[in-house]
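Participant: Sequence and predicted structure below; questions after.
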Amino acid sequence: MIRIAIANQKGGVGKTTTAINIATAMAATGWRTLLVDLDPQGNASTGLGVASSERTRTTYDLLVEDVSVDDCTIATSIPNLDIVPSTVDLSGAELELVAEEDRATRLRDALARHKGHEVCFIDCPPSLGLLTLNALTAADTLMVPLQCEFFALEGLSQLLQTVERVQGRFNPDLGIVGIVLTMFDRRNRLTDQVSEDVRECLGNLVFDSVIPRNVRLSEAPSHGLPALVYDHACAGSRAYMALARELIGRLPKERMAA
Ligand code: ADP
Ligand code: MG
């Protein structure tokens, strides 16, 4: 199983939208896909139509109570797509784990024992705390949604420093599969300028596919559906399908067999 963390410590940059739609695109392509909701806000769970009453076993149980991935996983309405949901309980996990020696590796250990999915996406919270640390330690590779705005590159360098620290301490093989530009608006000159700067600075690390600002992408979660199901032909859905194809081409081949 390939594990892909979707992280950026900034909120509102499109992590959850990317996690939901890229996971759906992979599932639609036939991959047995798991999405781990690692944000106490539970937006990925809500966006996939998982009611609060269904969230009996969650990422909290996985991390704090040593419940297995299988026992925390529930099926979504999308074929091939399962989720480990989260609730606000997860916000207590960081404190509860702080004294545990294995606090940074709990997600990795849980996923290492898991079989049954071919790819796993981890939707991270908007911080670089213990939850995101668990994701980066557990992941084979990292995908970074980046909103084209003025401070985007600054936030990115902080994230890349964290990646280096994780590589040094917990996960030497952690890769970065790519940076995806989100909420792209061609008519906005700042967006264009920032995207040019990011490409100049980071070159091939940036996916060719960009995700446009698209109202269908923001409407879909309130229907409990991925945009790819809510309106599969909208510009946002098409962009996520293209991104999924590009992602598959970039995944480390040796992990695909494992
Ligand atoms: P994060 O998980 O990084 O906090 P979200 O994916 O939740 O970010 O996105 C933040 C808000 O922006 C949400 O309301 C979401 O629906 C909206 N949004 C995300 N991507 C797009 C997009 N490409 N076009 C329009 N709205 C978007
Ligand atoms: Mg989110």
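Facilitator: Noted; the coordinates are in hand. Residues are numbered from 1 along each chain as shown. Ligands and ions are numbered 1, 2, ... in the order given.

Participant: Now do the same contact list for Ser218.
Facilitator: Thr17 (C-beta atoms under 8 Å, 6 or more residues apart in numbering). For the C-beta atoms, the positions are set from N, CA and C on the backbone; glycine is no exception.

Participant: What parts of the stretch 151-258 of the chain come near ligand 1?
Facilitator: Thr182, Met183, Ile211, Arg213, Asn214, Leu217, Ser218, Pro221, Gly236 (C-beta under 6 Å from any ligand atom).

Participant: And these, which is closest to Thr17?
Facilitator: Leu217 (5.6 Å; C-beta to C-beta).

Participant: Would you quantify the distance from the closest one to Asn171?
Facilitator: 31 Å (C-beta to C-beta, to the nearest Å).

Participant: Equivalent analysis for Glu100, please.
Facilitator: 18 Å.

Participant: So which of those two has more stuff around it?
Facilitator: Asn171 (19 against 13; other C-beta atoms under 10 Å).

Participant: and the more buried one, what does it touch?
Facilitator: By C-beta under 8 Å, 6+ apart, the neighbours of Asn171 are Arg108, Leu136, Thr137, Ala138, Ala139.

Participant: Just give the nearest non-adjacent residue to the third one, would you?
Facilitator: Translated: Thr137. Phe170 (4.2 Å; C-beta to C-beta, 6 or more residues apart in numbering).

Participant: Based on its surroundings, how many neighbours for the one you found?
Facilitator: By other C-beta under 10 Å, neighbour count at Phe170 equals 16.

Participant: Thought Asp102 was touching it, still the case?
Facilitator: No - Phe170 is beyond contact range of Asp102, at 10.6 Å (criterion: C-beta atoms under 8 Å).

Participant: Got the confidence number for the closest residue in space to Pro126 that isn't next to it in sequence?
Facilitator: With C-beta to C-beta, 6+ apart as the criterion, Pro126 has its nearest non-adjacent residue at 3.5 Å, and that residue is Gly11. Gly11 carries a pLDDT value of 95.

Participant: And for Ala257?
Facilitator: 55.

Participant: quick one: contacts of stretch 197-215?
Facilitator: 14, 17-18, 145-146, 148, 152-153, 156, 176, 178-186, 195, 217, 227, 234-236, 239-240, 242-243, 246-247.

Participant: From the chain's centre, how far out is the helix or strand where Thr191 lies? Work that out for me.
Facilitator: Assigned by DSSP states H and E, Thr191 belongs to helix 189-202. Computed by C-alpha atoms, centre = their mean, to the nearest Å, the chain-centroid distance of helix 189-202 equals 23 Å.

Participant: Pull out the buried residues from it.
Facilitator: Within helix 189-202, the residues scored as buried using 16 or more other C-beta atoms under 10 Å are Thr191, Val194, Ser195, Val198, Leu202.

Participant: Got phi/psi on the residue lying closest to the first one once chain neighbours are set aside?
Facilitator: Closest residue to Thr191 in three dimensions, ignoring its sequence neighbours and counting by C-beta to C-beta, 6+ apart: Cys148, at 4.3 Å. Comment: the main-chain dihedrals of Cys148 come out as phi -80, psi 90, following degrees, to the nearest 10.
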